[in-house]
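>>> 3D model of this:
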Amino acid sequence: MTELINKLEIKKIYYFTQKMQQATQKIDIFCSAIMLQAWRRMNYVFNKKEIHSTLKKTAGQLSALRTVLPCVF
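Model (predicted):
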């Protein structure tokens, strides 16, 4: 009888640890997705000016190339 009780207790413990592992895995996936979204949004907000200046710089380089090589562009 005690062996049966021990086996049932072990099954309960195993089931509980399995559910806890599944829950922590879901939380881990959720948190990493939230962190990625936050990083992408912060990167977009803080680098907006850089992207704009890079586009201006690139446009300036293209216009300089057009004056040097008018037949290509």
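
>>> which parts of the chain are strands?
Secondary structure of the chain (DSSP state E): no strands present.

>>> point out where this structure drops to low pLDDT.
Scanning the chain for pLDDT under 70 picks out 49-73.

>>> now with 80?
Residues of the chain that meet the criterion pLDDT under 80 lie in 1-2, 4, 44-73.

>>> could you identify the longest helix within it?
Determined from DSSP state H, the single longest helix within the chain is helix 2-46.

>>> mind checking how far residue 45 is from residue 9?
53 Å (CB to CB, to the nearest Å). Backbone N, C-alpha and C define where each C-beta goes, glycine included.

>>> just residue 1 next, same as before
Distance, residue 1 to residue 9, using CB to CB: 13 Å.

>>> those two - which one has more neighbours?
residue 9 (10 against 5; other CB atoms under 10 Å).

>>> quick one: that one from residue 30, how far?
32 Å.

>>> same check, this time on residue 21
In terms of CB to CB, residue 21 sits 15 Å off from residue 30.

>>> show me the contacts for residue 33.
Listed by CB atoms under 8 Å, 6 or more residues apart in numbering, the contact set of residue 33 is empty.

>>> tell me the spacing between it and residue 15.
28 Å.

>>> same thing with residue 41?
Residue 41 is 39 Å from residue 15, where distance means CB to CB.

>>> before we move on, what about residue 23?
Distance from residue 23 to residue 15, by CB to CB: 13 Å.

>>> and residue 4, by the same measure?
16 Å.

>>> ditto for residue 34
From residue 34 to residue 15 the distance is 29 Å (CB to CB).

>>> for residue 28, same thing?
20 Å.

>>> and if you look at residue 36?
Counting by CB to CB, the gap from residue 36 to residue 15 is 32 Å.

>>> residue 47 now?
Taking CB to CB, one finds residue 47 at 48 Å from residue 15.

>>> what's the local residue count around residue 8?
Count around residue 8 with other CB under 10 Å applied: 10.

>>> typo on my end, residue 22
Residue 22: 10 neighbours (other CB under 10 Å).
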